[in-house]
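> Could you look at this predicted model? Sequence included:
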Amino acid sequence: MRTASFVMLLAIISWSVGAQEPFHADGMSVGKTVLWFYGSQVETTFDGTLELTGTLQIGDALFSFSVEGTSYGSGIADTDTLAATLWMLFQTSGTLDSGEFISLRGGIYILGEEADLTTLSLGAGPGTFFLIADLPEESLWISGALTTTASGSLVVPDDPLTMQIEGTAMFTFEGKFLAASDVLIEQLPWDSTSWPLETHEALLALLTGVKSEEAAEQTD
């Protein structure tokens, strides 16, 4: 789903911003959102792709990168208040401008402000993120803030008891490097209890590279 024009546009944006933080990225996620309605509460799941381009400032060296991969997660929204909370995991890989390999894997916590089903602008709002950037000779822990907007169109649902949206979300990430710690969970920019237990265990497994149960034990 990646296009040359999209990559070029985000590269121009990244360089023009000049990476105000050591980590800057712009991205796009395209996928399917399924919604279940329980009165005014809406539960959602998301599954799609993720493309990111941006820059890493490591010491005096500035590197640009381009990655792509998968994104998935869940959320809850209230149709009365238009508030939404979204939890997203992602795993991507690609190259630096030098041609060397880079992968980005992590999680996103979004406090949406526009859970509006009339405009299908689910999930627009600020959030926080944590990711691990794997490079040929080192791994970097990065955390920071992001902004996102999302919109889509209704499609015939796979499950007739649900509503289904095919949509696009746009992200801007600004982050700092963190010192690696023996206790990963202490570096995450959110309280783990603010996440659904199963989703947070999946995030820890993604970050540590071990099964969910083992990851939860190692970070308790």
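Sure, I can see it. Numbering: from 1, shown residues only.
> residues in contact with residue 63?
The neighbourhood of residue 63, defined by Cβ atoms under 8 Å, 6 or more residues apart in numbering, consists of 55, 56, 57, 96, 97, 98. Glycine gets a C-beta too; all of them are placed from N, C-alpha and C.
> go again using 10 Å as the cut-off
Under the criterion of Cβ atoms under 10 Å, 6 or more residues apart in numbering, the neighbours of residue 63 are 19, 54, 55, 56, 57, 96, 97, 98, 100, 102, 135.
> how about the nearest residue to the fourth one, chain neighbours excluded?
To tie it back to what came earlier, the one meant is residue 56. Residue nearest to residue 56 in three dimensions, not counting chain neighbours: residue 63, with 4.7 Å by Cβ to Cβ, 6 or more residues apart in numbering.
> So the one you found, which state does it fall into?
Using DSSP: H, G, I helix; E, B strand; the rest coil, the secondary structure recorded for residue 63 is strand.
> what's the distance between residue 102 and residue 130?
Taking Cβ to Cβ, to the nearest Å as the measure, residue 102 and residue 130 are separated by 17 Å.
> secondary structure class for residue 200?
For residue 200, the secondary structure call by three-state DSSP comes out as helix.
> which non-adjacent residue is nearest it?
Leaving aside its chain neighbours, residue 200 sits nearest to residue 192 (5.3 Å; criterion: Cβ to Cβ, 6+ apart).
> if I look at that neighbour, how far off is residue 41?
With Cβ to Cβ as the criterion, residue 192 and residue 41 are 22 Å apart.
> And residue 75, by the same measure?
The value you get for residue 75 to residue 41, if Cβ to Cβ is used, is 11 Å.
> ditto for residue 99
Residue 99 is 48 Å from residue 41, where distance means Cβ to Cβ.
> higher neighbour count, the two?
Legend: neighbour count by other Cβ atoms under 10 Å for residue 99 and residue 41, higher for residue 41 (12 against 6).
> is it true that the more buried one touches residue 85?
No - Residue 41 lies out of contact with residue 85 (Cβ atoms under 10 Å); the separation is 11.2 Å.
> tell me the contacts of the residue nearest to the spatial centre of the chain?
Most central in the chain under Cα atoms, centre = their mean is residue 108, positioned 4.4 Å from the mean C-alpha point. When the contact criterion is Cβ under 10 Å, 6+ apart, the partners of residue 108 are 29, 50, 71, 73, 86-90, 127-131, 146, 148, 169, 171, 173, 203.
> switch the cut-off to 8 Å
The neighbourhood of residue 108, defined by Cβ under 8 Å, 6+ apart, consists of 73, 86, 87, 88, 89, 90, 127, 128, 129, 146, 171.
> Just give me the closest of those to residue 45.
Nearest to residue 45 among the contacts of residue 108, counting by Cβ to Cβ, is residue 73 at 7.4 Å.
> I'd assumed residue 43 was in contact with the closest one.
No - here residue 73 lies out of contact with residue 43, judged by Cβ atoms under 8 Å, at a distance of 11.9 Å.
> Compare the two and say which is more crowded by neighbours.
The residue with the greater number of neighbours, taking residue 73 and residue 43 and applying other Cβ under 10 Å, is residue 73; the counts read 26 against 14.
> can you tell me the helix or strand for that one?
For residue 73, the host element (DSSP states H and E) is strand 61-78.
> What are the contacting residues of stretch 23-31?
For stretch 23-31, with Cβ under 8 Å, 6+ apart as the criterion, the contacting residues are 1, 6, 10, 13-14, 17, 46-57, 65, 71-72, 90, 133, 142, 144, 166-177.
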